[in-house]
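Asks: What shape does this take:
(2 chains)
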There are 2 protein chains.
Amino acid sequence: MASPKPAPTSPSTSSHFIKKIDPAMATATTRSGKPLDRPVMESMLRRRMFYTPAYEIYGGVSGLFDYGPPGCSLQANIIDLWRKHFVLEEDMLEVDCSVLTPHEVFKTSGHVDKFADWMCKDPKTGEIFRADHLVEEVLEARLKGDKEARGQKIEEKEEEDCNKKNKKKKVKEIKVVKLDDATVQEYEEVLAKIDNYDGPELGMLINKYGIKNPATNGDLEPPIAFNLMFQTAIGPSGNLAGYLRPETAQGQFLNFAKLLEFNQQAMPFASASIGKSYRNEISPRSGLLRVREFLMAEIEHFVDPESGKKHSRFHEVKDVELRLLNRETQLSGRTEVETMPIGKAVEIGLVDNETLGYFLARIKLFLEKIGVDQSKLRFRQHMANEMAHYAADCWDAELLTSYGWIECVGCADRSAYDLSVHAKKTGAPLVVRQTRAEPLKIEEWQIDLDKKKFGPRFKKDGKTVEAAVLALTQEQRETFAGQLKANGKIVVEVPGVADGNVELGSDLVTIEKRTRVENTREYIPNVIEPSFGIGRILYSLMEHVYWTREGDEARGILSFPPPVAPTKVLLVPLSTNPEFTPIVRRLSHYLRSVGISNRVDDSSASIGKRYARNDELGTALGITVDFQTVKDGSVTLRDRDTTKQVRGSEEQIVDAIKKLVDGQETWADVLKRLPEYEGQQNVD
Amino acid sequence: MASPKPAPTSPSTSSHFIKKIDPAMATATTRSGKPLDRPVMESMLRRRMFYTPAYEIYGGVSGLFDYGPPGCSLQANIIDLWRKHFVLEEDMLEVDCSVLTPHEVFKTSGHVDKFADWMCKDPKTGEIFRADHLVEEVLEARLKGDKEARGQKIEEKEEEDCNKKNKKKKVKEIKVVKLDDATVQEYEEVLAKIDNYDGPELGMLINKYGIKNPATNGDLEPPIAFNLMFQTAIGPSGNLAGYLRPETAQGQFLNFAKLLEFNQQAMPFASASIGKSYRNEISPRSGLLRVREFLMAEIEHFVDPESGKKHSRFHEVKDVELRLLNRETQLSGRTEVETMPIGKAVEIGLVDNETLGYFLARIKLFLEKIGVDQSKLRFRQHMANEMAHYAADCWDAELLTSYGWIECVGCADRSAYDLSVHAKKTGAPLVVRQTRAEPLKIEEWQIDLDKKKFGPRFKKDGKTVEAAVLALTQEQRETFAGQLKANGKIVVEVPGVADGNVELGSDLVTIEKRTRVENTREYIPNVIEPSFGIGRILYSLMEHVYWTREGDEARGILSFPPPVAPTKVLLVPLSTNPEFTPIVRRLSHYLRSVGISNRVDDSSASIGKRYARNDELGTALGITVDFQTVKDGSVTLRDRDTTKQVRGSEEQIVDAIKKLVDGQETWADVLKRLPEYEGQQNVD
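Replies: Now for the predicted structure:
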């Protein structure tokens, strides 16, 4: 029944959410393992301006958010690490391509025709519903009503929205109506497959289950496809239609020939791009997870399909263990992951090839580096019906959040699809030409025609006959060669000429087996595409590192690893004593000069309050300047997570900070080297 | 005659180009002082993929470009230095705001009504011309024809286009027609002021000079305003109109209240934003200088208008010398710059205030740091008619290129305009509330009304009368207080009540002079806005650092300072000898681990060719691994600009590279420390 959802795009930010939550992990937890109170956390994130709804003083626009200073810095740090981990480490060719894209490009790529979601309109009120969301909400509400009628406890639905405007559910009241058991089962089955229905199927469900506009009970029009690309007109005439790109990939494909030239014709190589993309979601929800404007980081790794998609550095990662959720497990309705080294997964054919496997491992290592909780990461293989028709294999890195498992990185083998369609449309040679180490000798049946005699014989049909003869396959040629030898003539089918059959004698045609030597090989590379939704990673990471201290649940802590922490160091003078001011100022300046971001808080609030504010901001470390500092220049260094402090000379402390921020050392290492300090500073 | 061009936006990428080129500098030069051959340079920049027309295999779209690997890296390095120089150095609050913006925001800011250029349509062919460009081209062509008729030499027009599609001039043939002297003078005057005409004025010029469609000689419709914002629809209903922002500023203004809160209410402070903006230019030209999608970096420095706009760090920059082209000089038709310390410029009132002056100096220091030729930098003050009506003062940092003086950074005092209009429209309090150090005592005439008697006396008119009385000015109150004292009654004008005059006795009203104490001050901050067009800076910089070596003019060199060079180090093994491979690989890995981008070229091309390629890419340094390296581990280091080499141990060389890349040392410093090497490596 389910048919493939149109997905001609990179999958990283597609609209696919896994609804079935692994029961063992149904409840999102904080870093310390307690249940995550999302409204409390989100209120903190907004108060500290990690992000904020855009245009809020104008009432806001769904699906648009601004990042405030800590969010912006966190994003920059994640991007910086991404660039080092992928682009610099592997000499990828980074490009920055236009967001504005002319119609023709996305017509060719398939986005104009297929990049759509299904929506239903209420003709009376003009309201528009995303069809799959509506079916989902209505059936879930009915199941809830049934549970209530049966006197069962109702769990709060996980998928709530953080944006006030979006919080409004379509279904406002739950009717307490008992359903029969078969209906309950049917609804549950539909919900499990909700992402796989196409428009006509959703229309059938809406009819079958009598789904109406929940507010007015009005009838809905059948679902129609709504293209998710933002459209605009380029230039003053309004004649050149353009779109905002929904992914960065196409710009990289269109520049393939130039990139290959830049790379001095060497294969394989990868291009990479970091930039904004846009999708006009019908009903944005889930806060930062489904938005209309988002930052992507995409890699297009171009590889020779005849190489077996081997990767020269695969041996470096083959022992990296991944938690894999394969296709077969999902088909049987289960969600258990299997942990295995990527080397084995490729060996047994679970992951299609080394290059794909290499990137899955590198993605895991990257997510680990930025602080993702490894127990909340899994790699889920796409089902056959989820993948685009041309894709060879596809895995998503999914992160567990309070919204369920969220697809944050897609890693697909796109085969030669994109380069092929653009080359076909434009005639541009998006191919690799390679001198063969050994010239290739090809034995084949070749046809020679005596063209001088063709004209007088066939007149205006000459070209047609010639084309028909040259189009003969190797098998046909072999057969005809035999007939020609035996009978001195052959009869070739040429539709539209004479009675459709044309007789050719050996005076006109020769067919012989000969050897051809090919010195150059020409091929269209295949593409492995790791595609990162930076906003989703950023949000999931914030959930993973969030926690509260025992006994102080009102205050949050964001335990970002020092390399990604928005600010590395907080500088606090013990009091407003003027003797501290020049010391703090000099230290701040010095840290900045060695590239360590820091903030001074010399307000009159207590040390404890100042640190608490910065724990919420995720500031990794704190330096206190006190009376001892005035005497001997020593300062204390505080670790955000343990609140423990050490004391040392300025040089020792700065050295420790540098190593922590570069990821070379952990706090435990610092504790071994420097004496722990238990002074008054940590008092609230 | 000239009237102010609508300019409600930040000026950094506005459409203002200075056409009058300082005669002393009319010819653009390379870094070595030779005439710049722009087509040769641009061909190199494209061949090396610094940039490339976007969608070229689809025929391209005017005004859209992609950056290839070196351009992308150069851009990232400029941005990185910008962030360090401005954001980190001054604890600015960086934000990342949405590009998609709802209609209402730009309606309020004035962009919907005024952010437009003038265009003329040929109703027969449908062709569209940007009115000022058309008048300019036609008159220039006529002047050229006149010169030819007079037998004078014609200089090639500077403003040519690098994009093939744009290269097509509207005026294809120059008619050799002699004009009378008065007409020549008139045309020249019009051309000098071409940027200052509004639509109706351009229409008058088109009529007066009989300007037609150059291709068909067809009549043109009068100029109409064409809004330069790209429009789209947000959401599925199509009812919410949106635009792509033409500047990043508005997102910062709308978040003002949250940013102030984040900054713990402390003033002054600055926000900053780096991101793409979009302008639907009618006829993009001048390559990277006038494009439809571009990267901006903008600062909004919020300051108390009553502070005199002092800046606490002004003393640090007061001796920085700037080349200033002031308003008066321009008014008299001249372009001489005056060089003076910014301290003096502020002191004599040429630059309006310290904060503006501080940023002008900081802009200069930034441009210097990235390698801009200081003799090709000037600060031009806006003429009164160029500035938006609300602007207090505005200076552009202009860079001299082969296209003339190009506005690359704008630095405007936007007063309280933006915050005021958004606050007025939305009711959001975009203000600073400040506890007064000393409570303010205000002596004023206060009115007390006996409200109990008001009702019975005036019935339904009570409120109207009350409002009229309380609306009296201080002057009126003083007068009435005297009358009340003298006559025991006053007659107040109250339109719509009785005959429009109402008598009030001292039983109903008391007017007394009293002292009121105000503890809080509330004000709307003013905004100083430095606004950087990164693409324009990047292109101008490439012109400034481009040159060719004596005797080898076919090969270009881009002398980027090491901190901005796209790649820092080229690693070349002397030959394809396999002994070199592991050494090169290890060195490359080590350099990368200490954050130094490098590329290996182990192709079989000669060392000279490999270095020449990287000179064109602007790679700052080169390491050669040779047979000596195999013996003792020493390597040579080559300086791109002098082609001189030194030899040292790996540690010495890496240390030298680090210092060069951080900008701590110059090549001259390295030469003093390490022995110069004259081996075979530099041979072609």
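
Asks: buried set for the helix or strand hosting residue A:437?
Replies: Using DSSP states H and E, residue A:437 sits in strand A:432-449. Within strand A:432-449, the residues scored as buried using 16 or more other Cβ atoms under 10 Å in any protein chain shown are A:432, A:445, A:449. Quick note: C-beta positions are derived from backbone N, CA and C, even for glycine.

Asks: cool, and stretch A:486-493?
Replies: A:490, A:492.

Asks: how about the CA coordinates for it, as PDB?
Replies: In PDB, the C-alpha atoms belonging to stretch A:486-493 read as follows (Å, rounded to 0.1, in the frame of the first residue of the first chain):
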ATOM      1  CA  ALA A 486      25.700 -17.400 -46.400                       C
ATOM      2  CA  ASN A 487      23.300 -15.600 -48.700                       C
ATOM      3  CA  GLY A 488      25.200 -12.500 -49.800                       C
ATOM      4  CA  LYS A 489      22.300 -10.300 -48.500                       C
ATOM      5  CA  ILE A 490      20.400  -9.400 -45.400                       C
ATOM      6  CA  VAL A 491      16.900  -8.000 -44.700                       C
ATOM      7  CA  VAL A 492      16.900  -5.300 -42.100                       C
ATOM      8  CA  GLU A 493      13.800  -3.900 -40.400                       C
END
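
Asks: Other residues contacting it?
Replies: A:465, A:468-469, A:472, A:480, A:483-484, A:500-506, A:509 (Cβ atoms under 8 Å, 6 or more residues apart in numbering or on different chains).

Asks: 6 Å instead?
Replies: Here stretch A:486-493 makes contact (Cβ atoms under 6 Å, 6 or more residues apart in numbering or on different chains) with A:469, A:480, A:483, A:484, A:501, A:502, A:503, A:504, A:505, A:506.

Asks: From residue A:508, how far off is the residue lying closest to the last one once chain neighbours are set aside?
Replies: Same thing as residue A:506. Closest residue in space to residue A:506, ignoring its immediate chain neighbours: residue A:488 at 5.1 Å, by Cβ to Cβ, 6 or more residues apart in numbering or on different chains. Look at residue A:488 and residue A:508: by Cβ to Cβ, to the nearest Å, they are 11 Å apart.

Asks: So for stretch A:32-51, what gets flagged as buried?
Replies: Across stretch A:32-51, burial judged by 16+ other Cβ under 10 Å covers A:36, A:37, A:38, A:41, A:42, A:44, A:45, A:46, A:48, A:49, A:50, A:51.

Asks: Sorry, slip of the keys, the one I care about is stretch A:97-113.
Replies: Residues of stretch A:97-113 classed as buried by neighbour count (16+ other Cβ under 10 Å): A:97-106, A:108-112.

Asks: Now it: average pLDDT?
Replies: For stretch A:97-113, the mean per-residue pLDDT is 96.

Asks: for stretch A:554-570, same thing?
Replies: Here stretch A:554-570 scores 95 as its mean pLDDT.

Asks: how long is it from one end to the other?
Replies: This stretch, stretch A:554-570, spans 21 Å end to end (Cα to Cα, to the nearest Å).

Asks: hang on, the earlier thing: filter the contacts of stretch A:486-493 down to just the ones in strands.
Replies: Among these, the members falling in strands (DSSP state E) are A:501, A:502, A:503, A:504, A:505.

Asks: Past the host helix or strand of residue A:107, which element shows up next along the chain?
Replies: Element membership for residue A:107, per DSSP H and E: helix A:103-109. Sequence order places helix A:111-114 as the next helix or strand after helix A:103-109, per DSSP H and E.

Asks: interface residues of chain A facing chain B?
Replies: By Cβ under 6 Å from any Cβ of the partner chain, the part of chain A that sits against chain B consists of A:49, A:54-55, A:57-58, A:61, A:64, A:66-69, A:72, A:88, A:93-98, A:100, A:102, A:104-105, A:119, A:128, A:226, A:230, A:232, A:236-237, A:254, A:258, A:262, A:282, A:293, A:426, A:428, A:592.

Asks: Show me which residues of stretch A:306-313 are buried.
Replies: Using 16+ other Cβ under 10 Å as the test for burial, stretch A:306-313 gives A:309, A:311.

Asks: which strands and helices sit next to the helix holding residue A:107?
Replies: On a contact count with 3 or more Cβ pairs under 6 Å, 6 or more residues apart in numbering or on different chains; DSSP states H and E, helix A:103-109 meets helix A:417-426.

Asks: name the helices or strands packed onto the helix it packs on?
Replies: Contacts defined by 3+ Cβ pairs under 6 Å, 6+ apart place helix A:417-426 against helix A:103-109, helix A:249-254.

Asks: try 10 Å
Replies: Judged by 3 or more Cβ pairs under 10 Å, 6 or more residues apart in numbering or on different chains; DSSP states H and E, helix A:417-426 is in contact with helix A:103-109, helix A:249-254, helix A:256-262, strand A:293-303, strand A:526-533.

Asks: Of these, which is nearest residue B:318?
Replies: The minimum distance between residue B:318 and the helices and strands packed on helix A:417-426 falls on strand A:293-303, with 40.2 Å, by Cβ to Cβ.

Asks: sorry, back to before: closest to residue A:267 among the buried residues of stretch A:97-113?
Replies: The shortest approach to residue A:267 among the buried residues of stretch A:97-113 belongs to residue A:97, at 21.3 Å (Cβ to Cβ).

Asks: how about that closest one, what does it touch?
Replies: The contact partners of residue A:97, taken as Cβ atoms under 10 Å, 6 or more residues apart in numbering or on different chains, are A:245, A:248-255, A:271, A:273, A:275, B:52, B:54-55, B:64-68, B:72, B:293.

Asks: how much space between it and residue B:68?
Replies: Computed as Cβ to Cβ, the residue A:97 to residue B:68 distance reads 10 Å.

Asks: Name the residues contacting each of those two.
Replies: Counting by Cβ under 10 Å, 6+ apart, the common neighbours of residue A:97 and residue B:68 are A:255, A:271, B:52.

Asks: Please tell me which one of the residues you listed counts the most neighbours.
Replies: Neighbour counts for those, by other Cβ atoms under 10 Å in any protein chain shown, peak at residue A:271, which reaches 29 neighbours.

Asks: In CSV, list the C-alpha atoms belonging to stretch A:539-551.
Replies: Provided in CSV are the C-alpha atoms of stretch A:539-551 (Å, rounded to 0.1, in the frame of the first residue of the first chain):
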residue,chain,number,x,y,z
TYR,A,539,19.2,21.7,19.2
SER,A,540,19.6,18.0,19.9
LEU,A,541,23.1,18.7,21.4
MET,A,542,21.5,21.3,23.7
GLU,A,543,19.1,18.7,25.0
HIS,A,544,21.9,16.2,25.4
VAL,A,545,24.1,18.4,27.5
TYR,A,546,21.3,20.0,29.6
TRP,A,547,20.9,19.1,33.2
THR,A,548,20.2,20.5,36.7
ARG,A,549,22.1,20.1,39.9
GLU,A,550,20.7,18.0,42.7
GLY,A,551,18.8,20.4,45.0
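
Asks: and it, how far from the chain's centre?
Replies: 23 Å (Cα atoms, centre = their mean, to the nearest Å).

Asks: do stretch A:661-680 as well
Replies: Distance, centroid of stretch A:661-680 to centroid of chain: 36 Å (Cα atoms, centre = their mean).

Asks: And for stretch A:611-629?
Replies: Taking mean C-alpha positions (Cα atoms, centre = their mean), stretch A:611-629 and its chain are 36 Å apart.

Asks: Noted, bye for now.
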